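Colleague: sequence unknown, structure follows:
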């Protein structure tokens, strides 16, 4: 009877890495972690050439990893004997390098891979901003709709993508059913999988009547349209990484859809309304699409713990990727209460600064000049919140059903500071703000 202590998921990767380091002196080694968390090695070359060099490593991996390993004869794969797609190269992440040995991780997750992938290449040059919240119910969609209305009132053309596909909100707020286009985002993804997205690409965009009498426009790409039909079967298929029967990562498919619409619409600003939580939609729209990211939060223990969990995961990024997107982050204090507001905001700033300091800011010494680090009271720092105040008049925000439309006094009370600062960040350098 075996007396070996069970290996659990949390320790399996370190065990595999240490086993490789003990047995292999040089080369590029990829640790492949499958959907069940089991780990084996992908080595360069052919088995006929490399088997002897990896024989001891194979045995040790089989013995050490327990339920998270493979039998000796399957513990090492050889790249020269396999047909590998480009995704192996693009998705692997470096986890160890010393002398002549470099070890990579290829983590075959069902979801979550996009949090670790590199930024996507862009063709279009218009501004983008993502509205994101780790938890729902923080007023994100209401703030988005009101800011879009204000921008349209200033003569700007705003293009909104409703990417909260599991719980579409901004579509319903800004597009009454009679204004919906024929199709929506889920239709585009389903048809793109069989090479037919071009047939419906002109039928997934509609104008919001909220901007009907304004000098600008609000254009919406909703989650669904009038002719979408049964939504759930399409939703279940739209996260596929296949396009016309060829492998294409989901983030690249989303980028393609957004750019095709941007080419047609030529907007002043694109707003991506992201799904809440840590789904791949959020990963792509927050970290990979070159968008400024407004991160909505309320001052609760659950919110700060959830963001700490996400921010700590970002520390695993290659340094260049982290530098690329962390400068685009901006925290938003949402639903700031009417009473004891100053005390609430001071506490929020302290906790927000602690979050960024512990996970994203650099340690800055006295002589450091280029560190990404900010004082707690620096009002232009990403941790220093844009402010959206709680307002009774906006709790049931439905301007299309209200004959008076948007109440400007309520908007100014709740979102005046937010809109001023948001435009400063996103439209930096424009003189007409």
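Modeller: That came through, no problem. Just so we're clear, the structure is a prediction, and the values are computed from it rather than from any experiment.
Colleague: can we go C-alpha only for contacts and neighbour counts from here?
Modeller: Fine.
Colleague: which regions of the stretch 301-433 of the chain sit below the pLDDT cut-off?
Modeller: Applying pLDDT under 70 to the stretch 301-433 of the chain flags the ranges 365-369, 395-396, 399-405, 429-433.
Colleague: All the strands of it, residue numbers only.
Modeller: Listed in chain order, the strands found in the stretch 301-433 of the chain under DSSP state E, counting those that start in this stretch are 329-336, 386-389.
Colleague: Break this structure down into its structural domains.
Modeller: Residue ranges for the domains of the chain, per automatic domain parsing: 9-108, 114-426.
Colleague: could you dump the ones you listed to JSON lines with mean neighbour count?
Modeller: Converted to JSON lines, the domains of the chain look like this (neighbours: other CA atoms under 10 Å):
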{"stretch": "domain 9-108", "mean neighbour count": "17"}
{"stretch": "domain 114-426", "mean neighbour count": "18"}
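Colleague: Make TSV out of the strands of the stretch 301-433 of the chain and add distance to residue 378.
Modeller: Converted to TSV, the strands of the stretch 301-433 of the chain look like this (distance: least, CA to CA, whole Å):
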stretch	distance to residue 378
strand 329-336	13
strand 386-389	12
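Colleague: Which stretch among the ones you listed approaches residue 76 most closely?
Modeller: The closest approach between residue 76 and any of the strands of the stretch 301-433 of the chain, judged by CA to CA, belongs to strand 329-336 at 40.6 Å.
Colleague: wait, what's in contact with residue 311?
Modeller: For residue 311, the set of contacting residues under the criterion of CA atoms under 8 Å, 6 or more residues apart in numbering consists of 355, 359-360.
Colleague: how long is stretch 234-244 from one end to the other?
Modeller: The first and last residues of stretch 234-244 sit 16 Å apart, counting by CA to CA, to the nearest Å.
Colleague: Kindly provide the whole-number mean pLDDT of it.
Modeller: Summarised as a single mean, pLDDT over stretch 234-244 is 81.
Colleague: Find the helix or strand that residue 95 is a member of.
Modeller: When elements are assigned from DSSP states H and E, residue 95 belongs to strand 93-98.
Colleague: So which residues make contact with the following helix or strand past that strand?
Modeller: Towards the C-terminus, the helix or strand next in line after strand 93-98, according to DSSP H and E, is strand 101-107. Strand 101-107 is contacted from outside by 17, 24-34, 88, 91-97, 113, using CA under 8 Å, 6+ apart.
Colleague: hmm, back to that, for the strand holding residue 95, enumerate the helices and strands it packs against.
Modeller: strand 101-107 (3 or more CA pairs under 8 Å, 6 or more residues apart in numbering; DSSP states H and E).
Colleague: Listing partners with orientation, what would you give for the strand it packs on?
Modeller: On the basis of DSSP bridges, the sheet neighbours of strand 101-107 come out as strand 27-33 (parallel), strand 93-98 (antiparallel).
Colleague: What is the end-to-end distance of stretch 131-147?
Modeller: Its first and final residues considered, stretch 131-147 spans 11 Å by CA to CA.
Colleague: average model confidence for it?
Modeller: The average of the pLDDT scores along stretch 131-147 is 90.
Colleague: Quick one: residues in contact with the strand holding residue 95.
Modeller: If you take CA under 8 Å, 6+ apart as the criterion, strand 93-98 is touched by 102-106, 116, 318.
Colleague: so which of the contacts of residue 311 comes closest to residue 194?
Modeller: Of all the contacts of residue 311, residue 360 has the smallest distance to residue 194: 40.8 Å, by CA to CA.
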